[in-house]
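Enquirer: need a structure here:
(one chain, ligands or ions: 1)
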Amino acid sequence: MSNYSIKSLEEYFQVYRKSVRDPETFWEEIAEEHFDWRRKWDSVLHWDFSKPEVKWFDGAQLNITENCLDRHLQIRGNKTAILFEPNDPKEEAEHITYRDLHERVCRMSNILKENGVNKGDRVCIYLPMIPELAITVLACARIGAIHSVVFAGFSSNALATRINDCDCKIVVTSDGSYRGAKTLDLKSIVDKALEECPQVSHVLVAKRTGQKVNMKRGRDQWLDSLMEQAYADFPAEIMDAEDPLFILYTSGSTGKPKGMVHSCGGYMVYTAYTFKNIFQYREDDIYWCTADIGWITGHSYIVYGPLANGATTVMFEGVPSYPDSGRFWEVVQKHKITQFYTAPTAIRALAKEKLDYVNSYDLSSLKVLGSVGEPINEEAWHWYNNNIGKGQSPVVDTWWQTETGGIMISPIPYVTPTTPTFATFPFIGIQPALMDDQGNEILGNQTQGKLCIKFPWPSMARTIWGDHERYKNTYFSAFDNCYFTGDGAFRDEVGYYRITGRVDDVIIVSGHNLGTAPIEDAINEHPAVAESAIVGYPHDVKGNALYGFITLKEVGESRDRDNLMKEINQKIAEQIGPIAKLEKILFVSGLPKTRSGKIMRRILRKIASNETENLGDISTLLNPEVVQEIMEAASAKQV
Ligand code: WT7
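Expert: Numbering: from 1, shown residues only. Have a look, this model is predicted:
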């Protein structure tokens, strides 16, 4: 028997040792006993980090939707697979059973096929958190098309870049979307994006808000009428374990977004196994992850991981503050949520509100509380643990990335003792290492370094779409024979890991990964701007906020600075999306630079965080005099 469900700390240690000593036998047993394969693998693992090349279950064949849907029909056909909770609490929740979901996915598969989508084609999905989103994702997987979900808060420019990068010919979207009290015109955003994407020949439009939209003849079709007519069965395409399942974009420290490519077999095995253990899912539980399916958290832990386990997974369309700050807790009470998984930024925002919002609801169904996306600070951890969990539900601080596909470092609830700010032990099969700046592994405990992973795991991204060289350079060149995460970490005396934050030019704002370079590019497009540098600084709700230091082309120009700030933020919203707007902007006469012309972000970071006592040696700068000026301007801005 494989160890599919870990029940004690002793068992965790024993299984962890096995997974490291003999990874192939370990993962083979898990894969063999808990999933349906059309053909078994020829080899469990083949890897070479120098290329880099990683193959799990090579030679095996499967379709992930047979594991997420078909195999549950016999025993769980009438069980709720997806529980859709609408934006408006007055609108009734929708229970989609495994049988319904299977049928709707099959219909959608037929529609995609009829619209010319074949195995290996890329499908762009730009939808709000409505059932069609999960259905389209699964339909792509069923026909072997590669889905590329773009979060429906991204701007038309960001959408166009992503559609073109992987050459999608079809986009699935909706008329509009509800976000709290707001309604967004998704279809117009798509129309605008498609001006830059002439290859897109088909657009399928789900009806959600009923608002009037422009339908382009010969290109756009309403999805609901197609769904009614479509045939309700579709034989799943048989895929190789290493065939791509999806592309998901993540920001990098430089240039355009990276399309991380995930594959069918290993991704399925790892997301299902982590879901089962890290949420301790039991048959009648109602699991709710508040993320959007536009992010990896939603892919792995709203759709694939839960459905592969036959779970009931909640899809929430709304926001935590609508109609008021009690919404999350109202939903927990209403659906008797057992596992609740959210982001520290949401916890911090809700912790600022009156406790009445929490205490008016019965939260006794909760068994596990999860956190993801950024470090959870001690205060937020305690608030979550005391007020939501009442000290009874372990808080699992789960560390992972778009690139890792699944959770990498996390407690197993009721197994691993938790400590605030620590993601604790590596999950089964994960071999972390801390590295020093010389590239050597730091052994022993009570130590800090750059976080790497030494050995492949089944759900790791296999490449960056269209740019394997960039994949190699970004993740496998900083340290020999290791995957580099971009994060720093501390390992304490028992071997628990605390993630200390990014060590590159990525800033995490409200749990969203933002690269500084694309934001600076957007700012520099403003005709008045000469140069800019973005840094992060601590923010009590967002975790980090963005601070922009900007030089203008014409010094002393009497332009209205407030207006200019608005225009710059508008540019950013257009190019990337509102999440990347700057919290603070300072116009300065120069940016501190090294003699080779590199902007010293380290100094700007300290100024932005108001930590100016110890700026380090600035005498070697090209222009040390600007530092004093920037410091004075920044402190004048604080008051
Ligand atoms: C980066 C990855 C994985 C789903 C959401 C984010 C940070 C993520 C934690 C955590 C400290 C965390 C890291 C990581 N991060 N979870 N529990 N503690 N930091 O995915 O957008 O790819 O971002 O988020 O810095 O590298 P992502």
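Enquirer: Residue numbers of this protein in contact with the ligand?
Expert: Residues of the chain lying close to the ligand (CB under 6 Å from any ligand atom) are 250, 295-297, 372-375, 397-402, 423, 485-487, 499, 502, 508, 513. In this view, the C-beta of every residue, glycine as well, is placed from N, C-alpha and C.
Enquirer: Sketch out the low-pLDDT regions of the stretch 451-600 of the chain for me.
Expert: 555-558 (pLDDT under 70).
Enquirer: Report the rounded mean pLDDT for stretch 298-312.
Expert: In this model, stretch 298-312 has an average pLDDT of 98.
Enquirer: Give me the next element, helix or strand, following the helix or strand T551 falls within.
Expert: Per DSSP states H and E, T551 falls inside strand 543-552. Using DSSP H and E, the helix or strand that directly follows strand 543-552 along the chain is helix 561-575.
Enquirer: What lies in contact with that next one?
Expert: 155-158, 518-519, 521-523, 525-526, 528-529, 548, 550, 552, 580-582, 585, 587 (CB atoms under 8 Å, 6 or more residues apart in numbering).
Enquirer: sec struct for E11, please.
Expert: Of the three states, E11 takes helix according to DSSP: H, G, I helix; E, B strand; the rest coil.
Enquirer: Check the one 4 residues further on too.
Expert: For V15, the reduced secondary structure class is helix; criterion used: three-state DSSP.
Enquirer: Tell me the residue of the stretch 51-200 of the chain that sits nearest the ligand?
Expert: Going by CB to the nearest ligand atom, the ligand is nearest to F151 of the stretch 51-200 of the chain, at 10.5 Å.
Enquirer: Identify the residue nearest that residue in space, chain neighbours excluded?
Expert: G294 (2.9 Å; CB to CB, 6 or more residues apart in numbering).
Enquirer: got the contact list for the one you found?
Expert: V149, V150, F151, A152, G153, F154.
Enquirer: distance of the residue of the stretch 51-200 of the chain closest to the ligand from F35?
Expert: As judged by CB to CB, to the nearest Å, F151 and F35 stand 29 Å apart.
Enquirer: Also T80?
Expert: 22 Å.
Enquirer: Could you do P413 as well?
Expert: 24 Å.
Enquirer: next one: K472
Expert: 30 Å.
Enquirer: neighbour count winner among the two?
Expert: Shown here are K472 and F35; by other CB atoms under 10 Å, F35 has more neighbours (20 against 16).
Enquirer: and R498, that's in a helix?
Expert: No - counting by three-state DSSP, R498 is located in no helix; its state is strand.
Enquirer: Just say helix, strand or coil for the closest residue to the ligand within the stretch 501-639 of the chain.
Expert: Here the stretch 501-639 of the chain gets closest to the ligand at one residue, N513, 3.6 Å apart by CB to the nearest ligand atom. Assigned with three-state DSSP, N513 falls in the strand class.
Enquirer: Tell me how many other residues crowd it.
Expert: 21.
Enquirer: Please tell me how far the residue lying closest to it once chain neighbours are set aside sits from E583.
Expert: Closest residue to N513 apart from its sequence neighbours, by CB to CB, 6+ apart: S251 at 5.0 Å. Note on S251: its distance to E583, by CB to CB, is 18 Å.
Enquirer: more crowded one of those two?
Expert: Counted by other CB under 10 Å, S251 and E583 do not tie: S251 has more neighbours, with 24 against 16.
Enquirer: residue ranges with poor pLDDT in the protein?
Expert: For the chain, the stretches with pLDDT under 70 are 1, 253-255, 555-558, 638-639.
Enquirer: and after the helix ranked longest in it, which helix or strand comes next?
Expert: If each helix of the chain is counted by residues according to DSSP state H, the longest one is helix 98-114. Using DSSP H and E, the helix or strand that follows helix 98-114 in sequence is strand 122-125.
Enquirer: How far away from the center of its chain is that following strand?
Expert: Centre-to-centre, strand 122-125 and its host chain are 17 Å apart (CA atoms, centre = their mean, to the nearest Å).
Enquirer: Strand partners (parallel or antiparallel) of that strand?
Expert: strand 146-149 (parallel), strand 170-174 (parallel) (DSSP bridges).
Enquirer: list the helices and strands whatever helix or strand comes next after the shortest one packs on?
Expert: Following the chain from strand 146-149 toward its C-terminal end, the next helix or strand by DSSP H and E is helix 156-165. The elements that helix 156-165 packs onto, with contact taken as 3 or more CB pairs under 8 Å, 6 or more residues apart in numbering; DSSP states H and E, are strand 122-125, helix 186-194, helix 561-575.
Enquirer: Can you convert these into a markdown table and add a column each for mean neighbour count?
Expert: Formatted as a markdown table, the helices and strands packed on helix 156-165 follow (neighbours: other CB atoms under 10 Å):
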| stretch | mean neighbour count |
| --- | --- |
| strand 122-125 | 25 |
| helix 186-194 | 22 |
| helix 561-575 | 17 |
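Enquirer: These into TSV, with extra columns for distance to T418?
Expert: Formatted as TSV, the helices and strands packed on helix 156-165 follow (distance: least, CB to CB, whole Å):
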stretch	distance to T418
strand 122-125	36
helix 186-194	39
helix 561-575	38
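Enquirer: Excluding residues flanking it in the chain, which one is nearest H512?
Expert: I579 is the one closest to H512 (CB to CB, 6+ apart), at 5.1 Å.
Enquirer: Number of residues surrounding that neighbour?
Expert: So I579, with other CB under 10 Å, has 19 neighbours.
Enquirer: ditto for I388
Expert: Residues within reach of I388, counting by other CB under 10 Å, total 21.
Enquirer: Could you check how far it is from A343?
Expert: Relative to A343, I388 is positioned 14 Å away (CB to CB).
Enquirer: do E583 as well
Expert: 18 Å.
Enquirer: ok, now D191?
Expert: For D191, the distance to A343 - CB to CB - is 31 Å.
Enquirer: And for Y301?
Expert: Relative to A343, and taking CB to CB, Y301 is found at 12 Å.
Enquirer: Then A636?
Expert: Taken as CB to CB, the span from A636 to A343 is 34 Å.
Enquirer: With P394 instead?
Expert: Separation of P394 from A343 (CB to CB) stands at 18 Å.
Enquirer: So those two - more neighbours on which side?
Expert: Ranked by neighbour count (other CB under 10 Å), P394 and A343 place A343 first, with 24 against 20.
Enquirer: and whichever residue of the stretch 151-300 of the chain sits closest to the ligand, how many neighbours?
Expert: Nearest residue of the stretch 151-300 of the chain to the ligand (CB to the nearest ligand atom) works out as T297 at 4.5 Å. For T297, the count of nearby residues is 24 (other CB under 10 Å).
Enquirer: Identify the residues contacting it.
Expert: C289, A291, Y341, V372, G373.
Enquirer: V205 belongs to a helix?
Expert: No - counting by three-state DSSP, V205 falls outside a helix, being strand.
Enquirer: from here on, count from 31
Expert: Okay, using 31 as the starting number, the last item reads as V235.
Enquirer: the strands in the stretch 231-380 of the chain, which residues?
Expert: 232-236, 250-252, 269-270, 274-280, 288-293, 316-319, 342-346, 369-372 (DSSP state E, counting those that start in this stretch).
Enquirer: Redo the ones you listed as TSV? Include mean neighbour count and distance to F87.
Expert: What follows is the strands of the stretch 231-380 of the chain, written out as TSV (neighbours: other CB atoms under 10 Å; distance: least, CB to CB, whole Å):
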stretch	mean neighbour count	distance to F87
strand 232-236	22	33
strand 250-252	16	37
strand 269-270	22	9
strand 274-280	24	13
strand 288-293	25	9
strand 316-319	24	26
strand 342-346	25	25
strand 369-372	26	27
